[in-house]
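*Asks:* Sequence below, structure please.
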Amino acid sequence: MKRLFVVMAVLCLAFVASGRGADAKDCVDLSASRDHDVESPSGVRVTVTGRNHCQESVDSGRVWFTVKAMGNGGVLGQQRGHFGPTVTPQGQVETKVFVTCEADRVSSISVEKD
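*Replies:* Residues are numbered from 1 along each chain as shown. Alright, predicted model coming up:
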């Protein structure tokens, strides 16, 4: 009887753990690039891409990030953002953010998870 209880407990824990899903922050890798389709002296538009490297869908809306416009060794401007609802296994999701800054001084773009 004790062995049956242990087996059932292990199966129950495995079922609960599998229902939680993967952590979006651990599964989604970020990249960012300047979107040259939009030009503005008051800032730059940035395309942020999230790639899911896990084997299950994740809630990409839980991945918050900060995009930074860099120039002359310093941060010229930054903008926080996040993605839409879900990204499929091995899939990708994309969004655009506008970073207010002196656009002609921007030399690079970076993105990091919050």
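*Asks:* so what secondary structure elements neighbour the helix or strand containing Thr95?
*Replies:* Per DSSP states H and E: Thr95 is located in strand 92-100. If you count contacts as 3 or more Cβ pairs under 8 Å, 6 or more residues apart in numbering; DSSP states H and E, strand 92-100 packs onto strand 28-40, strand 43-52, strand 64-71, strand 74-82. For the C-beta atoms, the positions are set from N, CA and C on the backbone; glycine is no exception.
*Asks:* what lines up beside the longest one in the sheet?
*Replies:* It refers to strand 28-40. The pairing partners recorded for strand 28-40 under DSSP bridges are strand 43-52 (antiparallel).
*Asks:* Identify the residue nearest the geometric centre of this structure.
*Replies:* Val63 (4.3 Å; Cα atoms, centre = their mean).
*Asks:* Ramachandran coordinates for that one?
*Replies:* The phi and psi values for Val63, taken as degrees, to the nearest 10, are phi -90, psi 100.
*Asks:* Kindly provide the distance from it to Val46.
*Replies:* Distance, Val63 to Val46, by Cβ to Cβ, to the nearest Å: 15 Å.
*Asks:* One more: Lys68?
*Replies:* For Lys68, the distance to Val46 - Cβ to Cβ - is 9 Å.
*Asks:* ditto for Gln92
*Replies:* Distance from Gln92 to Val46, by Cβ to Cβ: 16 Å.
*Asks:* More neighbours: these two, which one.
*Replies:* It is Val46, of Gln92 and Val46, that has more neighbours when counted by other Cβ atoms under 10 Å, with 24 against 16.
*Asks:* So Gly50 sits against Val63, correct?
*Replies:* Yes. Gly50 is within contact range of Val63, at 6.0 Å (criterion: Cβ atoms under 8 Å).
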